[in-house]
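Asker: this is the structure alone, sequence omitted:
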Ligand code: NDP
């Protein structure tokens, strides 16, 4: 029997895109559980501020500046974490951006920026950390997908492509690394209020639509995702790999149509 199924205490957790939003909520939660958390992002000032804001813990949160679109920066960052801690137990691939516009408006630069961060960056971060985890013979990785991993939304085509690619990456890496004791999974959040989405959900029509399609009848909060991340990183998930767990208030459960009592059929005729 494992003494504590959800124990992540003293594990080394590297979070790309950990300076705010979903990544920072996960960083706080792991730190509260006694993990050694290293967050990354592109801007030093926001990383410093995030580490200051982090909850008091046996292991103060630290950071590495790392643009995941730059593979040299990824390798430098991962090497620095290994030098400091000697191992990496959990990688959360969270760094991501979005640009919303009709398909006909995207420039090659827009397209490259989205794919280079959300998919290429996640791949090379996973690869660099995966090499270390293979050496250790243990570790787990969590990729942050999206609702658009499974169902496309208008005006975010390259974002959806990057997130579909991420779920394929999750399965491919899980297949190759299972034999080394390394698990790879994903979390597909629903609509979560963060800097990335704040403007979108300040529109009353968009917000009303969101409530209609979400059985839980509310926006997701960053804290709604952290329990699943801790579960995936913990001994409780020791036989779970190659899966993406949807944490979306039920919005992917089906189509919530506006049927009412008038349409009930209680007899055969
Ligand atoms: P935020 O914009 O709030 O945070 C994004 C984080 O990623 C920041 O820490 C940012 O730091 C970092 N980041 C962005 N680009 C890079 C880069 N090139 N290299 C390293 N770090 C980078 O977004 P969210 O918290 O909302 O989103 C986090 C992840 O969750 C994304 O992958 C997103 O696609 C996904 N997601 C979000 C949903 C939502 O509704 N909010 C729903 C589904 C998925 P900095 O800018 O300083 O580099």
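Answerer: That came in fine, so what should we check first? All of these numbers come straight from a predicted model, not from anything done at the bench.
Asker: need the contact list for the residue of the stretch 51-200 of the chain at minimum distance from the ligand.
Answerer: When scored by Cβ to the nearest ligand atom, the stretch 51-200 of the chain has residue 96 as its residue closest to the ligand, at 2.1 Å. (Each C-beta comes from the backbone N, C-alpha and C, glycine too.) Contacts here follow Cβ atoms under 8 Å, 6 or more residues apart in numbering; on that basis residue 96 touches 17, 117, 118, 144, 162, 196.
Asker: kindly report the same for residue 13.
Answerer: Residues in contact with residue 13 (Cβ under 8 Å, 6+ apart) are 27, 30, 35, 36, 37, 38, 88, 89, 90, 91, 92, 233.
Asker: show only the entries of the residues you listed found in helices.
Answerer: 27, 30, 233 (DSSP state H).
Asker: which among these gets closest to the ligand?
Answerer: Nearest to the ligand out of these is residue 27 (Cβ to the nearest ligand atom; 9.6 Å).
Asker: isn't the closest one up against residue 54?
Answerer: Yes: taking Cβ atoms under 8 Å as the contact criterion, residue 27 and residue 54 are neighbours in contact, 6.8 Å apart.
Asker: these two: which has the busier surroundings?
Answerer: Ranked by neighbour count (other Cβ atoms under 10 Å), residue 27 and residue 54 place residue 27 first, with 32 against 21.
Asker: ok, that one - contacts?
Answerer: Residues in contact with residue 27, defined by Cβ under 8 Å, 6+ apart, are 13, 15, 18, 37, 39, 50, 54, 61.
Asker: pLDDT (mean, whole number) over stretch 35-51?
Answerer: Model confidence over stretch 35-51, given as mean pLDDT, is 98.
Asker: how about low-confidence regions in the stretch 101-250 of the chain?
Answerer: Confidence mapping of the stretch 101-250 of the chain against pLDDT under 70 gives zero matching residues.
Asker: which bits of it sit near the ligand?
Answerer: Contact residues, the stretch 101-250 of the chain versus the ligand (Cβ under 6 Å from any ligand atom): 117, 121, 144, 146, 189, 191, 192, 194, 195, 196, 197.
Asker: can you tell me the centre-most residue of this structure?
Answerer: By Cα atoms, centre = their mean, the chain has its centre lying nearest to residue 144, at 2.2 Å.
Asker: please report how far that residue lies from residue 170.
Answerer: As defined by Cβ to Cβ, to the nearest Å, residue 144 lies at a distance of 10 Å from residue 170.
Asker: what's the overlap in contacts for the two?
Answerer: Taking Cβ under 8 Å, 6+ apart as the criterion, residue 144 and residue 170 both touch residue 186.
Asker: still on that earlier bit, overlap of the contact sets of residue 27 and residue 54?
Answerer: 37, 61.
Asker: got a list of what residue 171 touches?
Answerer: Applying Cβ under 8 Å, 6+ apart to residue 171 gives the contacts residue 242.
Asker: so it is in which element?
Answerer: Assigned by DSSP states H and E, residue 171 falls within helix 157-177.
Asker: sorry, back to before: write a PyMOL command that selects only the buried members of the contacts of residue 96.
Answerer: Selecting only the buried members of the contacts of residue 96 in PyMOL, with burial defined as 16 or more other Cβ atoms under 10 Å, works like this:
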select buried, resi 17+117+118+144+162
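Asker: of the contacts of residue 96, closest to residue 228?
Answerer: The shortest distance between residue 228 and any of the contacts of residue 96, using Cβ to Cβ, involves residue 144 and amounts to 10.7 Å.
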